[in-house]
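1. coords please:
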Amino acid sequence: MNHAKLSCKEIYEYLAEFLDHALPSNQQDVMETHLEHCPCCKHYLDNYRETLILGKAACCNKMNPPPPAPDALINAILAARQKGLEDGSDESSPSE
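-> Numbers count the residues shown, from 1 in each chain. A predicted model of the protein is given here:
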């Protein structure tokens, strides 16, 4: 990493380490300076943080799961699938 100036690509490459404060302090400072002056990278950082929050929440069951599919929908899908098997057109098989 060039300590004097970072490209946006380098910001993206070191973002995880930056957020974990795993970079040497001089590199951390250079990244902070870049982020202060680059709205695109700041936006990317904000989205990255939000993605991490949502990913952790989903894995920790902090988000409400979607409601179950209605029985009528499940039965219709199963019936269509069974009809396809009986007709010999198994849609789950790769086409040749």
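2. Run through this structure and note the low-pLDDT ranges.
-> 1-4, 61-65, 89-96 (pLDDT under 70).
3. List the buried residues for stretch 29-48?
-> Neighbour counts over stretch 29-48 (16 or more other Cβ atoms under 10 Å) mark 30, 31, 34, 35, 38, 41, 44, 45, 48 as buried. In this view, the C-beta of every residue, glycine as well, is placed from N, C-alpha and C.
4. Identify the single longest helix in this protein, thanks.
-> Determined from DSSP state H, the single longest helix within the chain is helix 39-59.
5. List the buried residues of whichever helix or strand comes after it.
-> Later in the chain than helix 39-59, the nearest helix or strand by DSSP states H and E is helix 71-86. Residues of helix 71-86 classed as buried: none (neighbour count, 16+ other Cβ under 10 Å).
6. before we move on, back to that, contacts for the longest helix of the chain?
-> The contact list for helix 39-59 (Cβ atoms under 8 Å, 6 or more residues apart in numbering) reads 8, 11, 12, 15, 19, 34, 35, 36, 62, 63.
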